[in-house]
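Student: Here is a sequence together with a model predicted from it:
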Amino acid sequence: MRYRRLFEAARDGVLILDPETQKILDANPFMEDLPGYSRTEIIGKELFEIGMIQDRSASQAMFRDVQAQPCIRYEESLETNKGIPADIEVVAYLYDEGEKFIIQCNIRDITERKEAERRKDDFISIASHELKTPVTSLKGFTQVLQCRLKKQADEESMRFLGIMDTQLNKLTKLINDLLDVSKMRQGKLDYQAELFDFDELVREIVENLQAATSTYQLLIESTTSVHVYADRDRIGQVLLNLLTNAIKYSPEANKVIVYVSHD
């Protein structure tokens, strides 16, 4: 058959399936190592019988999907015949062989990648919990200092502490986001949309950044007079990154002009 040469050369597992009977027609040598069955044991079996999919109903659903689409992909955790758990990624294609259709499944062992992801998630979770303790302590001391300076009517120091308190609140929120490992695994964070004054946010970011640098003067030269419905903290992060980069990549300058407009 046309795929025979690919069988012997492939470094991943390859299965050839019959869409009508849903049984395995052929398997390459790598498949003997992954599920722990010999090639003769694999041929003639259904996917769920060798652990390549959860059960018969899931197998039937996969066959329906691959015949409706040119290519499907799924991940599965399987218990090998040797009793060793493994994570696999399966990519299935429907091919027209002229006389009949066949389904080719390419199977990759992703156990190491999954374990690395789990270690990463564990690290993020532990690190985030450890960060919460000093941040909470800083927050408490900031509030104590604010009370003392308020009695002394030290407005300048109060302003700086107010900026510190705002940044600690943002840091706390970021740590809480990191604690949600499921969001990190999906590559996205929740957005909390609200209506806010865009000019006020720009002024806040500029003032916070100006308080942290004496080398550069940040000047706002225009306003928008608009209200935006979006995640205020996320937009603030974008603005902060833009201004931080403007400072970082302008080493010979001493002034940053902030110009905002809308169509």
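Tutor: Yep, that arrived.
Student: Now do the strands in this structure.
Tutor: Ranges of strands in the chain, per DSSP state E, are 13-17, 24-27, 71-79, 85-96, 101-109, 193-197, 217-220, 227-231, 255-258.
Student: which of the ones you listed sits most buried?
Tutor: Of all those, strand 13-17 carries the top mean neighbour count, a mean of 22, counting by mean count of other C-beta atoms under 10 Å. In this view, the C-beta of every residue, glycine as well, is placed from N, C-alpha and C.
Student: Strand partners (parallel or antiparallel) of it?
Tutor: Under the criterion DSSP bridges, strand 13-17 sits next to strand 24-27 (antiparallel), strand 101-109 (antiparallel) in its sheet.
Student: which residues touch it?
Tutor: 3, 6-7, 23-28, 30-31, 34, 42, 47, 52, 63, 88, 102-109 (C-beta atoms under 8 Å, 6 or more residues apart in numbering).
Student: One more pass at 6 Å, please.
Tutor: Strand 13-17 is contacted from outside by 7, 24-28, 30-31, 34, 102-107, using C-beta atoms under 6 Å, 6 or more residues apart in numbering.
Student: Farthest pair within those?
Tutor: Distance extremes for the contacts of strand 13-17: the farthest pair is 34 and 102 at 20.3 Å, using C-beta to C-beta.
Student: Stretch 60-78: end-to-end distance?
Tutor: End-to-end distance of stretch 60-78 (C-alpha to C-alpha, to the nearest Å): 18 Å.
Student: Now do that stretch, average pLDDT.
Tutor: For stretch 60-78, mean pLDDT is 85.
Student: centre of the chain versus it, how much separation?
Tutor: Relative to the centre of its chain, stretch 60-78 is centred 24 Å away, using C-alpha atoms, centre = their mean, to the nearest Å.
Student: repeat for stretch 115-134
Tutor: 15 Å.
Student: Name the residues of it that are buried.
Tutor: 124, 128, 131-132 (16 or more other C-beta atoms under 10 Å).
Student: can I get the strands paired with strand 13-17 in CSV with mean pLDDT and distance to residue 148?
Tutor: Shown next, in CSV, are the strands paired with strand 13-17 (pLDDT from 0 to 100; distance: least, C-beta to C-beta, whole Å):
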stretch, mean pLDDT, distance to residue 148
strand 24-27, 88, 75
strand 101-109, 87, 61
